[in-house]
Structures are given as structure tokens and as C-alpha cells.
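Colleague: Sharing a model prediction with you, sequence too.
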Amino acid sequence: MATWSNFNFQNSASPLMEQIIFFHDHTLIILIITTILVSYLMVSLFFNSYINRFLLESQMIELIWTILPAITLIFIALPSLRLLYLLDELNNPLITLKSIGHQWYWSYEYSDFNNVEFDSYMTQFETNNNFRLLDVDNRIVLPMNNQIRILITATDVIHSWTIPSLGVKVDANPGRLNQTSFFINRPGIFFGQCSEICGANHSFMPIVIESISVMNFINWINNYS
């Protein structure tokens, strides 16, 4: 969960989010090196008085400042493409969860089980029991260490189902079924929100996932049915 004055990513709870953080750090290092180099060159140009009246053109320097940025872009593009394909990969999901966006709440259906469906509304703020604007009355309960597929759609306007700690952000479009998958690698409670401006109460439709062991999940399913 995001905390006060934290400018970094949230702690990852899935392998995909770990890869996203690695890619972010990799790209940031390249940007910092490029920024320092260009800044040094610009400052040195401002403050030196060197002059060469006979230098009209230099194909070598033009070749260098054309090839170096191209190589830099390749170092960014190849990991980016790898990550894009990883995010789209769907590998034998154990459970399918369907999420339906409404103004302004979420509905969930566990397609593999009979009669397991519920609406999820934001709860009122109570200091001892939950987090302001983040907790819900019915949490999503999912087993950890298993591949989860989620199908996402909406009934009215465009929403966006987003869990930062899992590296998941998928638009919920009316009349369209979007799909993604994730793998939760530790137990815990993970918070998210709609990240597509969807109307007056856009800020008040949070998402909460409770990750538990497989045995506890089976008990929850049996008790729910």
C-alpha cells in the first residue's frame, strides 16, 4: 500500500511487478547518464573560449552523435519489448475472476464456482478497522502462488482496474472484455483504485485483494457457497 511521502514504487507482490521495477531502474540509469553527459557538454560550451575558424564540417562527429542515441534506444527498447510480451502471457490459470465496473462500485464473479458473485462498495472511514477511501465491504479473496486470470468489463462508462503492487492496470470498457493475468507470490492485503476518470465518484470505488493460502481459499469458497 502507498504510504505518506513515499515516492518509490510499492513493494511488489508478483513477479511481473518485480520486472517492471527492474525495467524502471534500468531506464532511469540510462536517463541519468545521458542527462549528466549532455549537461556537462552544454556547461563546458558556455564557459570555454575555444574557437576553430577552419572547422566547417565533420562527418565523424555526426556519425557518432547519430549512432550513440540509436544504441541507447536499443538498450531501452529490447527490455521494454520483453516486458510487454511477459505482461500479455497467459499461462494455464488456476482461477478466473470476472470484474465488472459500475458507477461507482465493482462487481465480481468467480466463474469456476457456482453462485460466487458479489458487489464491492467502499466502506465508511473507521480509524480502527480500515483505511480511508481504500477499504471495501467485500474483498476479493484469491489464493497465492497460483496463476490468476481476470476478465474485465464495464456496464456504463470506461473504468480502469488497477492494483499497483501486482503491476496490473486494465481498462474496463462497456461492450468489451479485456483479459490479463497475475501471480501473487505472498500473502497480504493489496489495495488499488479505478484509474480512469469515470464520473463524480471516480475516487470512491477502491479495489482490495486479500491473498491467502490455497487451503484457506477452499474453505472460504465452501463457506461462501
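Modeller: In hand now; what should we look at? Numbers count the residues shown, from 1 in each chain.
Colleague: in the protein, which spans are helices?
Modeller: 15-47, 59-88, 214-224 (DSSP state H).
Colleague: tell me the contacts of the nearest residue to Phe118 once chain neighbours are set aside?
Modeller: In space, and not counting its chain neighbours, Phe118 is closest to Asn138: 4.7 Å by Cβ to Cβ, 6 or more residues apart in numbering. To be clear about C-beta, it is placed using only N, CA and C from the backbone, and glycine gets the same treatment. Residues near Asn138 by Cβ atoms under 8 Å, 6 or more residues apart in numbering: Tyr108, Phe118, Asp119, Ser120, Tyr121.
Colleague: Show me the shaky parts of this structure.
Modeller: Under the criterion pLDDT under 70, the flagged ranges of the chain are 1, 126-129, 225.
Colleague: Give me the domain ranges for it.
Modeller: Domain ranges of the chain: 15-88, 95-223, per the TED database.
Colleague: could you dump the ones you listed to a markdown table with distance to Ser5?
Modeller: Listed next are the domains of the chain as a markdown table, based on distance: least, Cβ to Cβ, whole Å:
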| stretch | distance to Ser5 |
| --- | --- |
| domain 15-88 | 19 |
| domain 95-223 | 16 |
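Colleague: from the contacts of Asn138, which ones fall inside strands?
Modeller: Among the contacts of Asn138, the members falling in strands are Tyr108, Phe118, Asp119, Ser120 (criterion: DSSP state E).
Colleague: related to what we said a few turns ago, torsion angles phi and psi at the residue nearest to Phe118?
Modeller: The phi and psi values for Asn138, taken as degrees, to the nearest 10, are phi -130, psi 110.
Colleague: Now do it against Leu16, distance only.
Modeller: 26 Å (Cβ to Cβ, to the nearest Å).
Colleague: about what we covered before: return a PyMOL selection command for the buried portion of the contacts of Asn138.
Modeller: This is the PyMOL syntax for the buried subset of those, where burial follows 16 or more other Cβ atoms under 10 Å:
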select buried, resi 108+120+121
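Colleague: Tell me the one of the contacts of Asn138 nearest Leu90?
Modeller: Distance to Leu90 across the contacts of Asn138 (Cβ to Cβ) is lowest for Tyr108, with 19.3 Å.
Colleague: Please name the bridge partners of the closest one.
Modeller: Ser99, Phe118 (DSSP bridges).
Colleague: Next up, the contacts around the residue nearest the centre of the chain.
Modeller: Centroid check for the chain by Cα atoms, centre = their mean gives Gly167 as the closest residue, at 3.2 Å. The contact partners of Gly167, by Cβ under 8 Å, 6+ apart, come to Ser12, Ser14, Leu16, Met17, Gln19, Ile20, Leu87, Phe182.
Colleague: Let's have those in TSV, adding distance to Ile152 and neighbour count.
Modeller: Below are the contacts of Gly167 laid out as TSV (distance: Cβ to Cβ, whole Å; neighbours: other Cβ atoms under 10 Å):
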residue	distance to Ile152	neighbour count
Ser12	21	19
Ser14	17	23
Leu16	16	20
Met17	18	22
Gln19	21	17
Ile20	19	18
Leu87	14	16
Phe182	12	22
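Colleague: In those residues, find the pair that's most separated.
Modeller: Farthest pair in the contacts of Gly167 (Cβ to Cβ) is Ser12 and Leu87. Separation: 13.7 Å.
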